[in-house]
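Q: No sequence on hand, only this structure:
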């Protein structure tokens, strides 16, 4: 894909913008009018606005300055025409804000410096580039974000570019000269992809066919080798995996018995199973799963023929259950049935080789040893070199195979018997009358079985390999191999403590392999040397992936580092470099400061003219991309709003959650204010109380009182009683005052008492106060107080003369005697003795 982009790059020349035309080039925050050949970015235009601008890479919003750019961006008729490699939109597409002008993941190259001329763009490859190099000619190149390019430049065989290069001639000397692209990938993948994967812009590794794993580090099942190629055809499974050899482990077997519900037979094209001799269908419907009549299942799992004359025999033992006609059960051997002797009609016994024919004995067929008639199919025991098969006596081949069948001659039973388990055909080497069926060697097996030492087995035993000529016979390995494959000399493991490497026995494993289980296994293709098969077990790396980090070989160091080939380690770039090709400040590939540009590999002050600055991600001043138009020679007036900042007043309606937050904030402020106000009021009230107590000299605490309180705090007992409340103290004071007043009045009345007859008033119905003189003062009530002076008046008692007028009535007291002590003058919870006013003369 990349090669198609760079073939004969720019040999045709670049279509350059004519220098006689003036254009406006903008980046977010600044625009400049002048002559420019720059072609990267996108052209923005709108109906009603005569000026169109070239937008350089960056983000543009509705608040982007200057005014001209703002008007174009916010115009309802704004149209965008991206250049090659920029945006997914087509020419003339509408604009939606925010607008992000960015190169799509990949690389764009330009024939002239400062991204001038007709550019050519290439996206990220879809498969590894491999060891190929793609030469190209460029004076500037642009890289999208999170993409790096590995190039060979000049004397440096490998340089990693992380940033756009506005002028290739300003690269350091070690990176100047003809350029060739080695690799191009995204840096978004974490962990990094293996050498077989491609990191996509989305941050995932894209694996070629046959590879798998999150980093494309392994082969899928059925694929093997460093390139993960498919296993050979004709193999069900092979030695797969990225370190596998592809050796066929299980060949494809056609017409397996199980494919047609068969066990001991071969499937035909019609789905029917042809059973091996001695087998028939079982009662459950499985074909060739039970022994046929006249056969029994022996201990080897094979159907063996019953003894001669036995019609049915038992599985396992072979004991005869039913003898054929003309036979009787042998008394000594239950597996045998003995023949009934042939006699004439008069009872004369016939010798062997004859049979009873009326009153005489007739000669048997030459093929019979004993018989019941003249024909060959009347034989009971066949003659020499012939064997009973389906009632007839047949001859055998030199291998002991009965004629017209696949059965083998059994000299013991004088019958044609079956071959061994899973055998379709067999023979007895050097067959003669003394040969036994145990000497039979299988020559053919059922599908799914292989032939090993005359037996049909599921796989070749150790020390042998399956012959590739017939995929049937297990062949012995050579003496130097303990196991082999494909040929007798292709060793998988070796004898004498040697190691197998590529089929040969060696004393030590070669480079790019490691020893495991007596064999040399190939390292992961990412590694040059390794300690294991995994891609994170590398001990050294190759040139394509030179960076060794935590057992992995990676393509690059981090962006602010370079690979030191001398120490094979990553070293930090100079602080002035964003990326570099070597040590020192003169090996920069891009600058870390936004106020510097690259000149000869060194980052120097940009000194941008026309009030411009370095364009982010391009590494060049806007004034370098645009040659300003002299005002004296300008073809026309400058577009309005080219340098005027915008003034934006925005009114945004509050969201419901914003209103809720404001209400909660106000409520919190009110609660906080109320809390502070109440706290201040409490403090002020406490302060006033303390001042009042201090002014009245209340609660004076001498040293004795303090000592008592200190003792109580230490020992926690004998707490002093709390003083009585103010109301109780006032009540006691009032009660004491009233008691003293009653006592004084009783003394006055007793001293001046007169006779009741001189009084004009009727006797008082109330009892005298004298009986109550010794009662406690608080037992008097308001009723007693209102009738205390109801006897004769003071005048009558003194003069002894009755009043001339009616006796004045005493007013009724409705309230208690007001105390001279009040809550405002009490001042202390401890009651004080009141001052009693004494009447004159007492």
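A: Thanks, I have it. Only a predicted model underlies this, so the values are computations on that prediction, with no experimental measurement involved.

Q: Isn't residue 293 up against residue 310?
A: No. When contacts are counted by Cβ atoms under 8 Å, residue 293 is not listed as touching residue 310 (10.7 Å). Any C-beta I mention is one placed from the backbone N, CA and C, and that applies to glycine too.

Q: Run through the bridge partners of residue 265.
A: Assessed by DSSP bridges, residue 265 has beta-bridge partners residue 275.

Q: wait, what's in contact with it?
A: 257, 273, 274, 275, 276, 279, 287, 288, 446 (Cβ atoms under 8 Å, 6 or more residues apart in numbering).

Q: I'd like those residues laid out as CSV, including distance to residue 566 and neighbour count.
A: Output for the contacts of residue 265, formatted as CSV (distance: Cβ to Cβ, whole Å; neighbours: other Cβ atoms under 10 Å):
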residue, distance to residue 566, neighbour count
257, 67, 24
273, 73, 23
274, 74, 14
275, 76, 20
276, 73, 24
279, 76, 24
287, 74, 22
288, 74, 24
446, 66, 21
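
Q: could you dump those to JSON lines with pLDDT?
A: What follows is these, written out as JSON lines (pLDDT from 0 to 100):
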{"residue": "257", "pLDDT": "91"}
{"residue": "273", "pLDDT": "91"}
{"residue": "274", "pLDDT": "92"}
{"residue": "275", "pLDDT": "93"}
{"residue": "276", "pLDDT": "93"}
{"residue": "279", "pLDDT": "94"}
{"residue": "287", "pLDDT": "92"}
{"residue": "288", "pLDDT": "94"}
{"residue": "446", "pLDDT": "94"}
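
Q: Residue 691: which of those is nearest?
A: Closest to residue 691 out of the contacts of residue 265 is residue 257 (115.7 Å), distances taken as Cβ to Cβ.

Q: Please say which of residue 293 and residue 310 ends up with more neighbours.
A: Each of residue 293 and residue 310 has its neighbours counted (other Cβ atoms under 10 Å); residue 310 has more, 25 against 9.

Q: nearest spatial neighbour of the more buried one, skipping sequence neighbours?
A: residue 320 (3.9 Å; Cβ to Cβ, 6 or more residues apart in numbering).

Q: count of residues packed around that neighbour?
A: Neighbourhood size, residue 320 [other Cβ under 10 Å]: 24.

Q: my read: it touches residue 334, true?
A: Yes. If you go by Cβ under 8 Å, residue 320 and residue 334 touch, sitting 6.4 Å apart.

Q: For the contacts of residue 265, work out which two are farthest apart.
A: With Cβ to Cβ as the measure, no two of the contacts of residue 265 lie farther apart than 287 and 446, at 12.7 Å.

Q: show me the contacts for the closest residue to residue 40 other than its chain neighbours.
A: Closest residue to residue 40 apart from its sequence neighbours, by Cβ to Cβ, 6+ apart: residue 115 at 4.5 Å. Listed by Cβ under 8 Å, 6+ apart, the contact partners of residue 115 are 38, 39, 40, 108, 140, 142, 164, 166, 618, 625.

Q: Residue 286 versus residue 115, what's the distance?
A: 78 Å (Cβ to Cβ, to the nearest Å).

Q: Residue 601 too?
A: Distance of residue 601 to residue 286, given as Cβ to Cβ: 82 Å.

Q: With residue 62 instead?
A: Counting by Cβ to Cβ - residue 62 and residue 286 are separated by 80 Å.

Q: now residue 212
A: Residue 212 sits 40 Å away from residue 286, going by Cβ to Cβ.

Q: Show me which positions of the helix or strand harbouring residue 311 end up buried.
A: Following DSSP states H and E, one finds residue 311 within strand 310-313. Across strand 310-313, burial judged by 16 or more other Cβ atoms under 10 Å covers 310, 313.

Q: Can you tell me the strand partners of it and which way each runs?
A: strand 320-323 (antiparallel).

Q: Show me what counts as buried in the partner strand.
A: For strand 320-323, using 16+ other Cβ under 10 Å, the buried residues are 320, 323.

Q: what's in contact with it?
A: In contact with strand 320-323 (Cβ under 8 Å, 6+ apart) are residues 306-307, 309-314, 329, 334-337.
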